[in-house]
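Trainee: need coordinates for the below:
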Amino acid sequence: MQIPPRSSPSRSVYGGSLVPVLIVVGALALSTAIFFLFTKKKIQSQKDAVAEAPGSTDSPARSAAEAAKSAAAAVPAKPPMVKPPEPPKPAPPAFAFARPLDLGRQLVRSLTTGDFATAGKLAAASDAEQSNSAAKLFEKLASMGYKPAAEDQVELLGLVENRTRITLPFVMAGSQETVRIQLDLERDEKMGWKIAKATLPKAMSSAIAAMPATSPAAAPAAAAAAAATPGTPASKTAPAPVVAASMKPLFTVEDGTDALAFASDFVRHLLKHDFNAARAFVDDKKVPVERLLGLCIVFEEGQYSLNPAKPLIVTIANPEVSWVIAQVQSESLQQNTEFGVELKRADTAQPWKIVGLNLSDILGAFAKSASKLGVPYTPIVKNPKGGESLALYFEYDRAELHPRALKQLEVIAALMKADPSKKLRIAGHTDEKGEDDYNIRLSRGRAESVKKQLAALGVPAEQVETTGLGKAQPLSPNKKSDGTDDPEGRSHNRRAEIYLDF
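Mentor: Alright, predicted model coming up:
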């Protein structure tokens, strides 16, 4: 039996069917290459973009970090310890005063109507935080019986450094005495005049206790009240009021150390021609009584008053020495003049005393006005023998008193009658014309005329001593340097001088 021949694998597979297989395999390879070259690259780009987007979870590490961050953000953080903002300060009131007296008069009007809130704002225009305290103080003064006087009694007191001082008058119910609050004002370019400091007289000091505890003026008042109560245990002492460090006390109580106030009171007595009250301010060892009395006479005769625009000016302000210029005016004489007041004290614990009066300007102006009447009128003269005396002048060859001398004698007589122990000496004088015997008699007659008028005014004769010196003690030359007659010089020598033996 013949076995058929076995077919060759290479022929059946590789020969007849191998070519189609190779074609299919090639196509698959080509597709795979295209996929890797284009499609996978695009997909990878999309994945990278997604991975870069917020919240992407493609990266485990990134997802964990972002998850932790989200968890931390979900827990509320503890707020930092910060100081709460301070409330804004109230804006200052829109006041605008062109003159210091305008502010004072408006304040008096508010107090008169009982509008304490507005009065407080006016007083504390420079520090609005103290307006409520100021209102409480004014309200307390009203409850104590203090009522403001008329607004036309608000006075411009004077100048102290860069401040202008005015006074507000108050009257206690049932009393005629006037007490004054002193206001130191400053000029503000935006709001006009404003109060920088208010000084109460001691009689009103208890009103400060009515101010709120947060007021800077209440602190010293509370401390003083505690100190005034002996035996009070420290544990029971009221705590000191809490006061903002930036707040300065608007209201204070006078302590008797202010030179301007002292000089103002002195001048006030002079303007009233109250010699005895004015003398209490003076050191008699430094200021001759004749000088003080002469100033009273000038004020009386010239009807002087303080210059309302610039009454008193402190030119030197030291703890123990001060100089004050008093500027005065006379409508009857059509004059504006001044005089100086020197004040001293041993130390700040001692009261002031007036140790000097510079009267050259006011006496010179006063004498010039009198020269028009033909009679000199310089009430204070330096005596040739030393010291000062009061002088009365006479017409030529006459012993009768001039009408202007009568006014002087009224002031002197009032002083003499107030104290019978006081003595005075009167010396009559003449110019050089005439015989010596005649001039002695004439000078005695002039001295006796003065004594007679004092007696008519109520001065006992035993308080007055007279003498006549003729032409022996001239005040001025009777002749000029060329030897000719000097009528003006001789007019100064026809006089009677009064020496006060106090």
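
Trainee: report how many residues lie close to the residue nearest to Val381 when sequence neighbours are not counted.
Mentor: Nearest residue to Val381, sequence neighbours excluded (Cβ to Cβ, 6 or more residues apart in numbering): Ala391, at 4.6 Å. No exception for glycine: its C-beta is placed from N, CA and C like everyone else's. Counted with other Cβ atoms under 10 Å, the neighbours of Ala391 add up to 23.

Trainee: looking at this structure, which helix or strand does the model trust least?
Mentor: Lowest on mean pLDDT, DSSP states H and E among the helices and strands of the chain sits helix 9, with a mean of 45.

Trainee: returning to what we had before: could you report the pLDDT at the residue nearest to Val381?
Mentor: We have a pLDDT of 89 for Ala391.

Trainee: and Ile354, by the same measure?
Mentor: pLDDT, read off for Ile354, is 96.

Trainee: let's number from 636 now, not from 1
Mentor: With the count now opening at 636, the last piece we talked about shows up as Ile989.

Trainee: quick one: residues contacting it.
Mentor: Taking Cβ atoms under 8 Å, 6 or more residues apart in numbering as the criterion, Ile989 is in contact with 898, 901, 916-918, 921-922, 976-978.

Trainee: filter these down to the ones in helices?
Mentor: 898, 901 (DSSP state H).

Trainee: and the two most separated of the contacts of Ile989?
Mentor: For those, with distances taken as Cβ to Cβ, the pair at the greatest spread is Ala898 and Lys921 (15.3 Å).

Trainee: between the two, which one's more packed in?
Mentor: When Ala898 and Lys921 are compared for neighbours, Ala898 comes out ahead with 25 against 13, by other Cβ under 10 Å.

Trainee: outline the domain layout of the chain.
Mentor: Taking automatic domain parsing as the reference, the chain has its domains at 735-789+805-814+825-851, 894-1004, 1009-1136.

Trainee: geometric centre of this protein: which residue is closest?
Mentor: Centroid-nearest residue in the chain, with Cα atoms, centre = their mean: Asp819, separated by 2.4 Å.

Trainee: how many residues are close by Lys1115?
Mentor: So Lys1115, with other Cβ under 10 Å, has 12 neighbours.

Trainee: surely Glu1030 touches Ser1126?
Mentor: No - using Cβ atoms under 8 Å, Glu1030 is not in contact with Ser1126, being 9.0 Å away.

Trainee: so those two - more neighbours on which side?
Mentor: Taking neighbours as other Cβ under 10 Å, Glu1030 and Ser1126 compare with Ser1126 leading, 20 against 13.

Trainee: how would you label that one: helix, strand or coil?
Mentor: At Ser1126, secondary structure determined by DSSP: H, G, I helix; E, B strand; the rest coil is helix.

Trainee: you'd agree it is up against Tyr1028?
Mentor: Yes - using Cβ under 8 Å, Ser1126 is in contact with Tyr1028, at 7.1 Å.

Trainee: other residues contacting the longest helix along the chain?
Mentor: In the chain, with assignment by DSSP H, the single longest helix is helix 1071-1091. The contact list for helix 1071-1091, computed with Cβ under 8 Å, 6+ apart, reads 1027, 1029, 1032, 1034-1036, 1040-1041, 1044, 1047-1048, 1051, 1061-1065, 1067, 1069, 1096, 1099, 1101-1106, 1129-1131, 1133.

Trainee: report the distance from it to the chain centre.
Mentor: Per Cα atoms, centre = their mean, to the nearest Å, the displacement of helix 1071-1091 from the mean C-alpha position of its chain is 54 Å.

Trainee: and the helix or strand following it, what does it pack onto?
Mentor: For helix 1071-1091, the succeeding helix or strand toward the C-terminus, using DSSP states H and E, is strand 1099-1103. Where contact means 3 or more Cβ pairs under 8 Å, 6 or more residues apart in numbering; DSSP states H and E, strand 1099-1103 is packed against strand 1058-1063, helix 1071-1091.

Trainee: quick one: the helices in the stretch 936-1085 of the chain?
Mentor: In the stretch 936-1085 of the chain, the helices defined using DSSP state H, counting those that start in this stretch lie at 995-1005, 1038-1053, 1071-1091.

Trainee: now do the first one: distance to the chain's middle.
Mentor: Spelled out, it's helix 995-1005. Centre-to-centre, helix 995-1005 and its host chain are 33 Å apart (Cα atoms, centre = their mean).

Trainee: Ala784 touches Val806, doesn't it?
Mentor: Yes - proximity of Ala784 to Val806 meets the contact threshold set by Cβ under 8 Å, at 5.4 Å.
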